[in-house]
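Asks: following is a predicted model, sequence given first.
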Amino acid sequence: MASVPQGEHCDAAGCVRLACSAMGTRFELLLHGADSTLLQSVGEACVEEILRLHRILSPFARDSETARVNRLAHIRAVPVSPDFEALLGLCRRMHDLTRGAFDPTIGPLMEAWGMRGRTGSANQVAAARACVSMNLVELEGGRVRFRRAGVRLDFGAIAKGFALDRVREMLLEEGISDAFCHGGRSSIVTIGPRPWRVRIEGGPEIELLDQAMGVSAIDGRTGEVDGHVCGHIIDPRSRMPVQHATMAYAVGASCSRCDAISTAALMESGPHLLDACDLVGVRRADGTWSTLAGQARRQRRTA
């Protein structure tokens, strides 16, 4: 996805590294400061927060909050935690902003297309299409309800960014103002006065200055339906695999929003995406890149 910075930023004295496995990937925190004891203590608290959010948001752990909602919300309204409510509310806003290109209900269709380790069928795809829509998800008074059976939430395209936004808040609250944090090299947060340079795989080098980045790509995983093989990104509007783009990135202030925008940009690219970030890049199927830069980004580059 994106390269992790190496060299002077990471090897200098006063750099503390912490890591953990969560949300199906490896998170890593590179924290800089004069007080290594403080860096270690705050970093460990951040790791615990990432793991706590994993226990809430993972759809694959049976005892997670997401799994409980997916299991019961078509039967009755299910009370949810403030974290779950906040993320689901953000997902709805990003769904509206991207004109439906970002949708956390896409899970049933991905499974039907064989993205969960099984080969799907045309009948399964047809049934799953009826279960994919944010209009089928109700959130009111801290309770979630699905309007029909078969709907499932999967926060995989935004949960890492949500966790890293929380990490950024915790670091700043403790006075740590120089850091690089990533989740699987596809969700990145930087803090502080120094620019961090990351290279997009097969693409440009991006300079992040107190900014976040989200990267989405159609990777080596594939699905198969009745002998038709496809990449693992599904457009929730057409209910078909994405074919015209292979990678996208978004840069802005919020990692969760950048994650959502980079996913949506694989399906469409337009100025409305810049309402949630500063910069969007898309690699088309023919290997060429296109870029959209918002007003805030242009002002920073010309200052």
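Replies: Structure received. Just so you know, these numbers come straight off a predicted model, no measurement behind them.
Asks: doesn't Ala163 make contact with Leu53?
Replies: Yes: between Leu53 and Ala163 there is a contact under CB atoms under 8 Å: 4.8 Å. Any C-beta I mention is one placed from the backbone N, CA and C, and that applies to glycine too.
Asks: which neighbours do the two share?
Replies: Listed contacts common to Leu53 and Ala163 are Ala22; contacts here mean CB atoms under 8 Å, 6 or more residues apart in numbering.
Asks: which of those two has more neighbours?
Replies: Shown here are Leu53 and Ala163; by other CB atoms under 10 Å, Ala163 has more neighbours (30 against 23).
Asks: the more buried one touches Glu49, doesn't it?
Replies: Yes: Ala163 lies in contact with Glu49 (CB under 8 Å); the separation is 7.2 Å.
Asks: how about stretch 277-296 as PDB, C-alpha atoms only?
Replies: Taking C-alpha atoms only, stretch 277-296 is exported to PDB below (Å, rounded to 0.1, in the frame of the first residue of the first chain):
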ATOM      1  CA  CYS A 277     -10.100  15.600   2.600                       C
ATOM      2  CA  ASP A 278      -7.500  17.700   0.800                       C
ATOM      3  CA  LEU A 279      -6.100  15.400  -1.800                       C
ATOM      4  CA  VAL A 280      -7.300  12.300  -3.800                       C
ATOM      5  CA  GLY A 281      -5.300  10.200  -6.200                       C
ATOM      6  CA  VAL A 282      -6.600   7.400  -8.300                       C
ATOM      7  CA  ARG A 283      -4.800   4.800 -10.400                       C
ATOM      8  CA  ARG A 284      -6.900   3.700 -13.300                       C
ATOM      9  CA  ALA A 285      -6.900   0.200 -14.700                       C
ATOM     10  CA  ASP A 286      -4.500   1.300 -17.400                       C
ATOM     11  CA  GLY A 287      -1.900   2.300 -14.800                       C
ATOM     12  CA  THR A 288      -2.200   6.000 -15.200                       C
ATOM     13  CA  TRP A 289      -2.900   8.300 -12.200                       C
ATOM     14  CA  SER A 290      -5.300  11.200 -11.800                       C
ATOM     15  CA  THR A 291      -5.300  13.700  -8.800                       C
ATOM     16  CA  LEU A 292      -7.800  16.000  -7.200                       C
ATOM     17  CA  ALA A 293      -6.400  18.700  -4.900                       C
ATOM     18  CA  GLY A 294      -8.700  20.700  -2.600                       C
ATOM     19  CA  GLN A 295      -8.400  24.400  -1.800                       C
ATOM     20  CA  ALA A 296      -6.700  23.800   1.600                       C
END
